[in-house]
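Visitor: Sharing a sequence plus its predicted fold:
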Amino acid sequence: MASEKSQAIIIRLVEFSESSCVVTMFTRDFGKIGALAKGARRPKSPFESALDLLALCRIVFLHKSSDALDLLTEAKLERRFRAATGSLPHLYAGYYVAELINELTHTGDPHPELFDVANQTIHALDAMASPLRTISNFEIKALQLLGHFPSLRSCSSCGVDIEKAKRVPFGQLSGGVLCPGCRVGRTKVIGISSEVLETMITLSETATADVNDVISPRVLGELRGLLNNYIAHLLGKRPRLHKFMSQMATADAAKA
């Protein structure tokens, strides 16, 4: 067994025995891994309380070549997710980041850029950034980096450039916007506003965009609905945290 080192974000914890747990981590160098953390649940844990959900750690693990779990041997805490103690919306948003990473990625498939985006997103939530805007930006970046981002400038069916209009047909099944000709006869097509379209394009093309400037209150609700439905279709199910994201969007709209 080879000993490996990497930065890791804790995205799932499951009890394994009275003293141990199984940890799912999204690492920068090895992608998603599952590892057995022996003694993690003991009062004097060898991991020094580093194994908290959404914590950023420096880990050492023994990689097993078979389908068996890797063995976590060391985890040093670099940053704890502290937003969980002060804000329920930020807590749910952080949990959603963990859920989405777990659902969208495969074991042993490295995505260092996605790791960096996830790390920045969790840090922003810790700093009490707008949870809905921060999550929307993360979803767009994640879809783009993993090759699932919808076509927004050209028809997702025939490839012709889409002309500017107040509302544009968007096909969930086709994976993006549709021209008038390809729109005919298709199901699961909705109309999205030009403002939402431009917002998604801007976020996808700008690495360090200020989400508060880019995502206006006027488009936030429509953007959330579009992303929720698109991701649910992509996964073949609705993520568990979508319900809380929708409740947050409703509450946010009521304040506007």
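Guide: Right, received. Where do you want to start? Residues are numbered from 1 along each chain as shown.
Visitor: From what I see, residue 21 and residue 15 are in contact.
Guide: Yes - counting by Cβ atoms under 8 Å, residue 15 is a contact partner of residue 21 at 5.4 Å. For glycine as for every other residue, the C-beta is placed from the backbone atoms N, C-alpha and C.
Visitor: Looking only at neighbour counts, state which of those two leads.
Guide: Per other Cβ atoms under 10 Å, whichever of residue 21 and residue 15 has more neighbours is residue 21, with 21 against 11.
Visitor: Provide the partner residues of that one in its beta bridges.
Guide: Listed beta-bridge partners, residue 21: residue 15, residue 37 (assigned using DSSP bridges).
Visitor: so who does it touch?
Guide: Residue 21 is in contact with 13, 14, 15, 36, 37, 40, 41, 51, counting by Cβ atoms under 8 Å, 6 or more residues apart in numbering.
Visitor: most neighbours, which of those?
Guide: Using other Cβ under 10 Å as the neighbour criterion, residue 37 leads these with 26 neighbours.
Visitor: What's the separation between that one and residue 13?
Guide: Taking Cβ to Cβ, to the nearest Å as the measure, residue 37 and residue 13 are separated by 9 Å.
Visitor: so what sits against both of these two?
Guide: 21, 22, 23, 51.
Visitor: wouldn't the second one be in contact with residue 34 here?
Guide: Going back to what we said before, that points to residue 22. Yes - taking Cβ under 8 Å as the definition, residue 22 is a contact partner of residue 34 at 6.2 Å.
Visitor: Report the set of residues contacting both of the two.
Guide: Common neighbours of residue 22 and residue 34, using Cβ under 8 Å, 6+ apart, are residue 69.
Visitor: Can you report how many residues lie near the residue nearest to residue 47 when sequence neighbours are not counted?
Guide: Once flanking residues are discounted, residue 47 sits nearest to residue 75: 4.4 Å by Cβ to Cβ, 6 or more residues apart in numbering. Neighbour count for residue 75, taken as other Cβ under 10 Å: 26.
Visitor: Where do the strands of the stretch 1-150 of the chain begin and end?
Guide: Remark: strands assigned in the stretch 1-150 of the chain by DSSP state E, counting those that start in this stretch are 2-15, 21-27, 31-37, 56-63, 70-79.
Visitor: Report the inter-axis angle for the second one versus strand 56-63.
Guide: Using axes from the mean of the first three to the mean of the last three Cα atoms, to 10 degrees, the interaxial angle of strand 21-27 with respect to strand 56-63 works out to 110 degrees.
Visitor: Same question for the longest one.
Guide: Counting by the same axes, to 10 degrees, strand 2-15 points 110 degrees away from the direction of strand 56-63.
Visitor: quick one: low-confidence ranges for the protein?
Guide: Residues of the chain that meet the criterion pLDDT under 70 lie in 1, 84, 208-209, 253-256.
Visitor: all helices of it, in order?
Guide: Applying DSSP state H to the chain gives helices spanning 88-104, 112-126, 131-145, 180-183, 194-205, 211-214, 217-235, 242-255.
Visitor: between the ones you listed, which gets nearest to residue 156?
Guide: Closest to residue 156 of the helices of the chain is helix 180-183 (Cβ to Cβ; 7.9 Å).
Visitor: Buried ones in the closest one, by neighbour count?
Guide: Residues of helix 180-183 classed as buried: 182, 183 (neighbour count, 16 or more other Cβ atoms under 10 Å).
Visitor: what does stretch 145-153 give?
Guide: Residues of stretch 145-153 classed as buried by neighbour count (16+ other Cβ under 10 Å): 145, 146, 149, 150, 151, 152.
Visitor: again with stretch 96-104
Guide: Neighbour counts using 16+ other Cβ under 10 Å place 96, 97, 98, 99, 100, 101, 104 of stretch 96-104 among the buried residues.
Visitor: swap in stretch 153-166?
Guide: Across stretch 153-166, burial judged by 16+ other Cβ under 10 Å covers 155, 156, 157, 162.
Visitor: do the same with stretch 222-232
Guide: Going by neighbour count (16+ other Cβ under 10 Å), the buried part of stretch 222-232 is 222, 223, 224, 226, 227, 228, 229, 230, 231.
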